[in-house]
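*Asks:* what follows is a predicted protein model with its sequence.
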Amino acid sequence: MAIVAQLPCDNNDVCMKCKVTPPSEECLTCVTCATLWHVECLSCPPQSLASTAQWKCPDCSGEIDLAPVTGSDESGLVAAIHAIEADQSLTESEKAKKRQELLSGKGTDDDEKTNGDNENFKCGICFGDLSKPVSTPCGHNFCLDCFNGWVKKNKYTCGTCRTKFAQTVANNIRINLTLVSAIRLSTLPERASAAPPQIQHYIRNEDRPDEAYRTDRAKKTGDANAASGRIFVTTAPDHMGPITAEYDPERNRGVLVGDWWKGRQKCRQWGAHFPLVPGIAGQSKYGAQSVVLAAGYKDDVDNGDYILYTGSGGRDLSGNKRTCKVQSWDQTFTKSNAALQLSCRMGYPVRVIRSHKKKNAYAPEKGVRYDGIYRIEKCWRSIGEQGVFKMCRYLFVRCDNEPAPWTSDAHGDLPRPLPHIPELKNAVDLYEREESPSWDFDEAEGRWKWVKAPSASVKRVHDMHPKERKMRKKSAEADKKKLLKGLHIGPQI
DNA sequence: GGGCCCGCAGGG
DNA sequence: CCCTGCGGGCCC
């Protein structure tokens, strides 16, 4: 049975159903969400003039069919998550649990907590049900009309907690569409909550559960088919070097050498290595942040303090039938290989993760482990294991202040001496550091540290909507150019 | 233990 | 928007 969705007018006051711009007398404004609706296109227009003043649109009144709300950025799921966040009767861990239950599709027994009588859906001024809800920076909610009446009397304090806010806040106050969605959800009939949650493709980092979860598209179980859980650290995705306590607001501890996780998902969530499958995290024009040593390339040599690492390309995941398992073309210094090359030339620090799949004396027994900071001293191309194709090769040397998690290599020289590498004789495209290293050993302080940090991060936060990210990318690039011009530092080659 | 398949995230 | 990519559960 096809259900014809009821649609409001768009931002240009054009009815999204009949595509005409109706005159204002043929329009109704919803008392809850303040959207404009074309009366002729409503399936149940209000019967009396009096009822138009308190008219609620089909979305807000709950009379609508249970088809997903169209024309809204917020799905029911996201609204429900926000409703959980807003519930002050819950502790942080209870909220996290509820988020996870919601995302895994499990219902809870006390779902009615988010129902109509929820105090968070009452206006702090008139104490009635919120109509056109707005929110102050301190997190309290009011009807738009009540709020405007309040600030008209030059009261720039919150009506609930008396926290002061700037006059500009009052001038720029907007209807809280998230709250509108939450109110809509709470007023839906009970069968609505029994309907499968409408999973939205993009979920902000703060709204993600602590554990990896399966989206509605995942047909198989397990982390391999799961979406990422919340990122716990505040480092930008392209943050280089150690993750110190300042980036770890939850534990105030940071990620320490020897930290171990069961799988790549948790390793990502703690910021050690972001990509879930690829072994190299990096951007060709910025540098590399981290690498994973797992199985995959037989040419790899792991000697603990130094590593001969192979770049990516020309091959794919072992056991993935989409592509061939053997090397079938030359690797080049492009993409993530170029990122490692750039880090080599600039002397940037790279985080190294060891996986148990690379079975040797330095690997963890299971899972993945953060083994500290390394620097790429040389990179070159040489003929790989099959004797045919050129592979990108990198010499990693450990330069971390913390002792390594393994004990088999006892020498304590700092900085580590470079090993002799016979294959360098046959290397093509040899690259060595061109600048004095950005991450170097300070003899006076007796530790490794930044001498010259790379230029400003390209990406700033994890929880950015893809659209927003695209917008910001342009301005960030412009900022970066300016910064580079001013400071004469950064990854320019 | 190897092959298969799925699907996420992100670079370009 | 396309395609890659050193995961990982499960089946044989």
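*Replies:* Perfect, thanks for sending it.

*Asks:* what ranges do the strands span in the stretch 351-493 of chain A?
*Replies:* With DSSP state E, counting those that start in this stretch as the criterion, the stretch 351-493 of chain A has strands at A:368-383, A:390-398, A:428-432, A:439-442, A:447-450.

*Asks:* what's the next secondary structure element after the lowest-mean-pLDDT helix or strand in chain A?
*Replies:* The weakest-scoring helix or strand in chain A, judged by mean pLDDT, DSSP states H and E, is helix A:190-194 (a mean of 40). Of the helices and strands lying after helix A:190-194 in sequence (DSSP states H and E), the nearest is strand A:260-261.

*Asks:* can you give me the neighbour number for residue A:246?
*Replies:* By the measure other C-beta atoms under 10 Å, the count of residues near residue A:246 is 11. For glycine as for every other residue, the C-beta is placed from the backbone atoms N, C-alpha and C.

*Asks:* need the contact list for the nearest residue to it once chain neighbours are set aside.
*Replies:* Sequence neighbours aside, residue A:254 is the residue nearest to residue A:246 in space, at 7.6 Å (criterion: C-beta to C-beta, 6 or more residues apart in numbering). Shown in contact with residue A:254 (C-beta atoms under 8 Å, 6 or more residues apart in numbering): A:242-248.

*Asks:* now with 7 Å?
*Replies:* Contact criterion C-beta atoms under 7 Å, 6 or more residues apart in numbering gives A:242-245, A:247-248 as the residues in contact with residue A:254.

*Asks:* get me the contact residues on the stretch 251-400 of chain A for DNA strand C.
*Replies:* Residues of the stretch 251-400 of chain A that fall close to DNA strand C, judged by C-beta under 7 Å from any atom of the strand: A:263-265, A:275-280, A:292-297, A:300, A:309-310, A:312-317, A:319-320, A:335-336, A:355, A:357-358.

*Asks:* which ones among those are found in helices?
*Replies:* In helices, defined here by DSSP state H, the members of these are A:264-265, A:335-336.

*Asks:* among the residues you listed, which one lies nearest to DNA strand B?
*Replies:* DNA strand B lies nearest to residue A:335 out of those, by C-beta to the nearest atom of the strand, at 4.1 Å.

*Asks:* hang on, that closest one packs against residue A:284?
*Replies:* Yes - shown here, residue A:335 and residue A:284 form a contact pair, counting by C-beta atoms under 7 Å, at 5.6 Å.

*Asks:* in JSON lines, list the contacts of residue A:254 along with pLDDT, distance to residue A:43 and neighbour count.
*Replies:* As requested, the contacts of residue A:254 are exported to JSON lines (pLDDT from 0 to 100; distance: C-beta to C-beta, whole Å; neighbours: other C-beta atoms under 10 Å):
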{"residue": "A:242", "pLDDT": "97", "distance to residue A:43": "60", "neighbour count": "25"}
{"residue": "A:243", "pLDDT": "97", "distance to residue A:43": "55", "neighbour count": "21"}
{"residue": "A:244", "pLDDT": "96", "distance to residue A:43": "59", "neighbour count": "14"}
{"residue": "A:245", "pLDDT": "97", "distance to residue A:43": "58", "neighbour count": "13"}
{"residue": "A:247", "pLDDT": "94", "distance to residue A:43": "53", "neighbour count": "17"}
{"residue": "A:248", "pLDDT": "95", "distance to residue A:43": "53", "neighbour count": "18"}
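
*Asks:* which of the residues of the stretch 251-400 of chain A next to DNA strand C fall in strands?
*Replies:* In strands, defined here by DSSP state E, the members of those are A:280, A:292-293, A:309-310, A:355.

*Asks:* what's the most distant pair in those?
*Replies:* Using C-beta to C-beta, those reach their maximum pairwise distance at A:310 and A:355, which is 14.5 Å.

*Asks:* buried sites along stretch A:355-371?
*Replies:* Of the residues in stretch A:355-371, those with enough neighbours to count as buried (16 or more other C-beta atoms under 10 Å) are A:355, A:358, A:362-364, A:368-371.

*Asks:* ok, stretch A:222-238 next?
*Replies:* Taking 16+ other C-beta under 10 Å as the neighbour-count basis, stretch A:222-238 is seen to contain the buried residues A:223, A:226-233, A:235-238.

*Asks:* which single one of these is nearest to residue A:7?
*Replies:* Distances from residue A:7 to the buried residues of stretch A:222-238, taken by C-beta to C-beta, are shortest for residue A:227, at 30.0 Å.

*Asks:* pLDDT at the closest one, what is it?
*Replies:* In the predicted model, residue A:227 carries a pLDDT score of 91.

*Asks:* is it in a bridge, and if so with what?
*Replies:* Counting by DSSP bridges, residue A:227 forms beta bridges with residue A:213.

*Asks:* list the contacts for it?
*Replies:* Counting by C-beta under 7 Å, 6+ apart, the residues that residue A:227 touches are A:212-213, A:215.

*Asks:* which one among these gets closest to DNA strand C?
*Replies:* Here the nearest of the contacts of residue A:227 to DNA strand C, counting by C-beta to the nearest atom of the strand, is residue A:212; it sits at 8.9 Å.

*Asks:* pLDDT score assigned to the closest one?
*Replies:* pLDDT, the model's per-residue confidence, is 91 for residue A:212.

*Asks:* check residue A:232 too.
*Replies:* Residue A:232 is assigned a pLDDT of 95 by the prediction.

*Asks:* and what of residue A:472?
*Replies:* At residue A:472 the predicted local confidence, pLDDT, stands at 61.

*Asks:* what's the answer for residue A:352, then?
*Replies:* Looking at residue A:352, the pLDDT reads 97.

*Asks:* give the burial count for it, as a bare number.
*Replies:* That count, for residue A:352 with other C-beta under 10 Å as the rule, works out to 24.

*Asks:* tell me the contacts of it?
*Replies:* Shown in contact with residue A:352 (C-beta under 7 Å, 6+ apart): A:291, A:293, A:371-372, A:374, A:396.

*Asks:* redo these as a markdown table? Include pLDDT and distance to DNA strand B.
*Replies:* As requested, the contacts of residue A:352 are exported to a markdown table (pLDDT from 0 to 100; distance: C-beta to the nearest atom of the strand, whole Å):
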| residue | pLDDT | distance to DNA strand B |
| --- | --- | --- |
| A:291 | 97 | 13 |
| A:293 | 94 | 18 |
| A:371 | 97 | 22 |
| A:372 | 97 | 22 |
| A:374 | 97 | 19 |
| A:396 | 96 | 20 |
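
*Asks:* most neighbours, which of those?
*Replies:* When neighbours are counted as other C-beta under 10 Å, the busiest of the contacts of residue A:352 turns out to be residue A:291, with 29 neighbours.

*Asks:* who in the stretch 101-250 of chain A is up against DNA strand C?
*Replies:* By C-beta under 7 Å from any atom of the strand, the part of the stretch 101-250 of chain A that sits against DNA strand C consists of A:220-225.
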